[in-house]
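Student: Just the structure for this:
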Amino acid sequence: MRNWGKISTLVRRGSQSLQGRDGTAAIAQTLLARALIIAVNVATGTITARILGPAGRGEQAAMAIWPQFFAYSLSFGLPSALLYTLKRYPTDRSRTFSAAIVLGVFISIFSAIVGLIAIPILMNGRYGTEAIRLSQALMLAVPVVVFTEILRSAMEGSDEFAIANQIRYIPPLSTLGILIVLALTQRLTPFTAVVSYWIPMIPLLVWMIACAKRFFLIRFTHLKTSFKRLLHYGLRAYGIDLISALAGQIQQVLAVSLLASAAMGLYAIAFSLCQLLYVVQSSFVTVLFPKAAARPLSEVVELTGRAARISGVIATVFAIVMMILAPIVLNLLYGAAYLPAIPIFRILAIETVLGGVAIMLSQAFMAIDRPGIVTVIQGIGLMMGVPLILMLTPIFGLMGLGLALLGSTAIRLVSVWLCYPIILKTAPPSLWLTREDLDFMRQKLLKKFV
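Tutor: Numbers count the residues shown, from 1 in each chain. Presented below is the predicted three-dimensional model:
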């Protein structure tokens, strides 16, 4: 009974710690939410992969990427600008949020128009007319993506990480339910699979707007100053947002243009599994920027270094384990037809860890209002990556695509690293885990659970 009492006390304190608003609680909340999302995504991926097969899964992936790709690529830095401006000018929160809503309308319209024009060009030759038309129809989902990101940034800028995380895990859970129904009724096709991801976003968006009204007074007057602040930061941060979106999705866009549907299906499965590795680092990134924004340089560098070291080591351990278990995991979840994805998965696992560290280190520049500098430097890595993809993929197929992505990410990591001494005139944070980091983690755990 005494042991049971200790366990119950530990569970209660752990539950209370997860409801906190400090950095550690926010990271824990975000980590658990993302872990749930990844687990659900694995389940949805298993259903679609086994029923549709590599070719059908590849066609699904080819249609699914466009709404997010164009929304993120043409965001003009608005989500990051909103988050920073909410922190920097807390007395003008409602005007800032209202101005972001207006800008979001224009971005949605512009992104959808660009997508309608560009999709036939990017998909022509590898996919049929029906797949292209259906992909164009999915541009109706662009406003959902844009306003979801705006509302999520607003919640994170208000330190409401619990609400922000609900925005992340509710749609995948709903999608899983829809996919199960489609599979049982034998109505699961590449297009219906894609639609199942967007249907839950509509009621969620309505709920998010209701939540926003609790924190912001929406008025569309006297917004000139807020427009200037958002655009001033957003246009400078846009490069980083664009590079992050392109680095995360340009390989998928180019893969659609360069790979047959079956090979695209193998790549989509390998890519989705690698998101398991990014869950730790992305959780730290989500919390690091809001917590570090507008702090002194020394504090920002210290926070960034510690987050990069801790998350990087955890992700590396996970990567090694997953690379070893890849044959078992792929065969168990998706079937023997997907075993050829093992080599590309192992390369992407390394690329994911390095990419997470690069994104983590770049948050320091975002937090001290210097986003434009790192935009140029990281752009070099991306510009090097695209020619590598175009050169290596036609020759070596999936392996060439993976090596090109790994090379591009390595260049981006080195570029961000060099920005610290060259631009900030300070030593870059060490990436080797220190005794102080271990003591920090131990103190935080003891504080939460003891």
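Student: Helix or strand with the lowest mean pLDDT in the chain?
Tutor: The weakest-scoring helix or strand in the chain, judged by mean pLDDT, DSSP states H and E, is helix 2-18 (a mean of 44).
Student: Can you tell me the element the nearest residue to residue 335 once chain neighbours are set aside falls in?
Tutor: Closest residue to residue 335 apart from its sequence neighbours, by C-beta to C-beta, 6 or more residues apart in numbering: residue 50 at 5.8 Å. Bear in mind the C-beta positions are built from the backbone N, C-alpha and C, glycine included. In this structure, residue 50 sits in helix 23-64 according to DSSP states H and E.
Student: Give me the average confidence score over the helix or strand following that helix.
Tutor: Toward the C-terminus, helix 23-64 is succeeded by helix 66-73 as the next helix or strand (DSSP H and E). Helix 66-73 shows a mean pLDDT of 82.
Student: export helix 66-73 as PDB, just CAs?
Tutor: Listed in PDB are the C-alpha atoms of helix 66-73, where the atom choice follows Å, rounded to 0.1, in the frame of the first residue of the first chain:
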ATOM      1  CA  TRP A  66       0.100  20.900 -52.200                       C
ATOM      2  CA  PRO A  67      -2.100  22.900 -49.800                       C
ATOM      3  CA  GLN A  68       0.500  23.000 -47.100                       C
ATOM      4  CA  PHE A  69       3.400  23.500 -49.600                       C
ATOM      5  CA  PHE A  70       1.800  26.600 -51.100                       C
ATOM      6  CA  ALA A  71       0.400  28.000 -47.800                       C
ATOM      7  CA  TYR A  72       3.800  27.700 -46.100                       C
ATOM      8  CA  SER A  73       5.900  28.800 -49.000                       C
END
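Student: returning to that earlier point: what score does the residue nearest to residue 335 have for pLDDT?
Tutor: Confidence score, pLDDT, at residue 50: 86.
Student: and what of residue 106?
Tutor: Residue 106 is assigned a pLDDT of 90 by the prediction.
Student: Beyond whichever strand or helix holds it, next helix or strand please.
Tutor: Assessed by DSSP H and E, residue 106 sits inside helix 93-123. Next along the chain after helix 93-123, taking DSSP H and E as the criterion, comes helix 129-137.
Student: Which strands or helices does that next one pack on?
Tutor: Under the contact definition 3 or more C-beta pairs under 8 Å, 6 or more residues apart in numbering; DSSP states H and E, helix 129-137 sits against helix 23-64, helix 93-123, helix 190-198.
Student: can you rerun that using 6 Å?
Tutor: On a contact count with 3 or more C-beta pairs under 6 Å, 6 or more residues apart in numbering; DSSP states H and E, helix 129-137 meets helix 23-64, helix 93-123.
Student: Give me the angle between the shortest one and helix 66-73.
Tutor: Which is helix 93-123. Computed by axes from the mean of the first three to the mean of the last three C-alpha atoms, to 10 degrees, the angle separating helix 93-123 from helix 66-73 equals 130 degrees.
Student: quick check, distance from helix 93-123 to the centre of its chain.
Tutor: In terms of C-alpha atoms, centre = their mean, to the nearest Å, the centre of helix 93-123 is found 18 Å from the chain centre.
Student: just the angle between that helix and helix 129-137, please?
Tutor: Helix 93-123 runs at 170 degrees relative to helix 129-137, counting by the same axes, to 10 degrees.
Student: Now helix 93-123: buried residues?
Tutor: Across helix 93-123, burial judged by 16 or more other C-beta atoms under 10 Å covers 93, 95-101, 103-104, 107-108, 111-112, 115-116, 119, 122-123.
Student: ok so, going back, could I get the helices and strands packed on helix 129-137 in TSV, plus columns for distance to residue 78?
Tutor: Shown next, in TSV, are these (distance: least, C-beta to C-beta, whole Å):
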stretch	distance to residue 78
helix 23-64	21
helix 93-123	6
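Student: nearest to residue 328, of those helices?
Tutor: Judged by C-beta to C-beta, the one of those that comes nearest to residue 328 is helix 23-64, at 14.0 Å.
Student: before we move on, back to that, and the helix holding residue 106, what does it pack against?
Tutor: Applying 3+ C-beta pairs under 6 Å, 6+ apart, one finds that helix 93-123 makes contact with helix 66-73, helix 78-88, helix 129-137, helix 142-157, helix 224-258.
Student: could you redo those as TSV and give each row mean neighbour count and distance to residue 418?
Tutor: Shown next, in TSV, are those (neighbours: other C-beta atoms under 10 Å; distance: least, C-beta to C-beta, whole Å):
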stretch	mean neighbour count	distance to residue 418
helix 66-73	24	26
helix 78-88	25	22
helix 129-137	17	39
helix 142-157	23	29
helix 224-258	20	16
